[in-house]
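In: sequence first, predicted coordinates after that:
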Amino acid sequence: MTRILLLGGTTEASQLAKTLAETGADAVFSYAGRTANPVSQPLPTRVGGFGGVEGLSEYLKAESITHVVDATHPFAAQMSTNAVHACEATDVKLCAFERPAWQAGEGDTWVHAGTIDEAVSALPDAPARVFLAIGKQNLTQFAAKPQHHYLLRLVDEPDAPLPLPHTTVEIARGPFDAAGDTALMQRHGITHVVAKNAGGAGAAAKLIAARTLGLPVIMIGRPDVPARPIKGSVAEVMAWLSHPPA
Ligand SMILES: NC(=O)c1ccc[n+]([C@@H]2O[C@H](COP(=O)([O-])OP(=O)(O)OC[C@H]3O[C@@H](n4cnc5c(N)ncnc54)[C@H](OP(=O)(O)O)[C@@H]3O)[C@@H](O)[C@H]2O)c1
């Protein structure tokens, strides 16, 4: 019998959960528990870390999971790496459901950064107005450039003081659209955008807005994750679930 663990936290995971529920699949949805009010899912849902590779391996065995679909964010490298190792250890099948990385197109001015620290270095020394569109993690590293004003877009109100002296916080949950993001950046006089190369349509609005306004984007590349089969659509994942490679 197929029993699926869906590692979520993305729009793709929610799309897949909907299809799994509609087809009556035996599946559990897993959230890390980072947001106060996560999107509710039409599947039985658990919240919180598993306790590393060992904890996840125990969970897979205890719950008789046969297939794991890793639909976490491309920057959730720890979870994805743990999933590879735990599935290997327990002989559970694994695939990732991942959106392709964004590519710079005509009219884009992108500066590529391999890491968060490289993105910090890529910001100018003179005070600028930066749309720091990277969520709430990794803000501390930008404290190395306290001269800038940072516009942060977060899902929840911050529950601790921010490590940056000059900030404006916008509370919003994606997907976003280009017109809205263009207006947001104009309203805040943004001069630079910092983004993680997450891929996907909803989060691309800020890139279209930056192109429209002629603003540079410091684009942080994806972290490395051990090799695993990658599926790019709900249909591909569903096909893999019904006919996984032996
Ligand atoms: N990183 C981003 O930029 C970003 C952006 C949007 C959404 N998200 C979502 O936010 C969540 C956390 O991301 P992250 O970057 O903090 O991950 P991470 O650094 O790869 O994971 C850190 C730890 O959080 C737990 N965890 C992560 N995802 C989980 C899940 N879906 N279910 C249960 N436990 C999970 C695991 O704890 P244990 O080791 O204890 O199992 C994992 O080792 C993910 O669901 C991700 O899809 C992340």
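Out: Cool, the structure landed. Residues are numbered from 1 along each chain as shown.

In: residue 174 touches residue 11, doesn't it?
Out: Yes - using CB atoms under 8 Å, residue 174 makes contact with residue 11 at a distance of 7.4 Å. All C-beta atoms are positioned from the backbone trio N, CA, C, and that covers glycine.

In: mind listing what the residue positioned nearest the centre of the chain touches?
Out: In the chain, the residue lying closest to the centroid (CA atoms, centre = their mean) is residue 73, at 3.0 Å. Contact analysis of residue 73 by CB atoms under 8 Å, 6 or more residues apart in numbering lists 9, 10, 198.

In: restrict those to contacts with the ligand.
Out: Among the contacts of residue 73, the residues lying close to the ligand (CB under 6 Å from any ligand atom) are 9, 10.

In: out of the contacts of residue 73, who's nearest residue 61?
Out: Taking CB to CB as the measure, residue 9 is the one of those closest to residue 61, at 23.3 Å.

In: look at the closest one and tell me its secondary structure.
Out: With DSSP: H, G, I helix; E, B strand; the rest coil as the basis, residue 9 sits in coil.

In: just the pLDDT at the nearest residue to it once chain neighbours are set aside, thanks.
Out: Leaving aside its sequence neighbours, residue 9 sits nearest to residue 72 (CB to CB, 6 or more residues apart in numbering; 5.4 Å). Looking at residue 72, its pLDDT is 97.

In: the helix or strand where residue 219 lies near the ligand at all?
Out: Remark: residue 219 resides in strand 216-220, with elements defined by DSSP states H and E. No - between strand 216-220 and the ligand, judged by CB under 6 Å from any ligand atom, nothing touches; the nearest distance is 9.5 Å.
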